[in-house]
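Colleague: Kindly generate the corresponding structure for this input.
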Amino acid sequence: NFLHSIADVLLVQSVARRWIALKKFKIIADKNAYLQYNSAITIQTIWRGFQCYTDYIFTMADIVIVQRTVRHWLAVSVTEKLRKGKVDRAAAKIQSVWRGYKGHLSMLVTLVNIIIVQSVVRRYLAQEEVSQ
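Modeller: A predicted model of the protein is given here:
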């Protein structure tokens, strides 16, 4: 009878310990699921931002190439017209076009740098949010 009582006590302890362990495991699993969900959102946000950034950069590069080609054509056309009798004004026009192109290119580089800084800051904020 005494051995049966001890066996019953051990059985009850085993069941209670198992129930407590499963409860703790469920709490940990819920936290992990929440962290995974937030991490997935952060990864998706960063990826979408990167995709938009690269699309923007490629679009800007295409625009610059088209502008360069058109400006080249215009410069050649203007230069040929100026050579027919307006040689002095040709140099001024070429310099003007070149300075405009240089200024525009400088602006594009500045825009790209701004976008890169924004991306870094957003990534830093996202990492801070994930780490909390």
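Colleague: And the helices in the chain?
Modeller: Taking DSSP state H, the helices of the chain run over residues 2-83, 87-131.
Colleague: Which of these has the lowest mean pLDDT?
Modeller: Mean pLDDT is lowest for helix 2-83 out of the helices of the chain, coming in at a mean of 88.
Colleague: and the angle for that one with helix 87-131?
Modeller: Our comparison of helix 2-83 with helix 87-131, counting by axes from the mean of the first three to the mean of the last three CA atoms, to 10 degrees, yields an angle of 170 degrees.
Colleague: Redo the helices of the chain as TSV? Include mean neighbour count.
Modeller: Just so you know, the C-beta spots here come from the backbone N, C-alpha and C atoms, and that holds for glycine as well. Shown next, in TSV, are the helices of the chain (neighbours: other CB atoms under 10 Å):
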stretch	mean neighbour count
helix 2-83	11
helix 87-131	12
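Colleague: Would you agree Leu74 is in contact with Val97?
Modeller: Yes: if you go by CB atoms under 8 Å, Leu74 and Val97 touch, sitting 7.3 Å apart.
Colleague: Local confidence estimate at Gln132?
Modeller: Residue-level pLDDT assigned to Gln132 equals 79.
Colleague: burial count for it?
Modeller: 6 (other CB atoms under 10 Å).
Colleague: which residue sits closest to the residue sitting nearest the centre point of the chain in space, ignoring its chain neighbours?
Modeller: Nearest to the geometric centre of the chain sits Phe50, at 3.0 Å (CA atoms, centre = their mean). Spatially, and ignoring its direct neighbours in sequence, Phe50 is nearest to Ser119 (7.4 Å; CB to CB, 6 or more residues apart in numbering).
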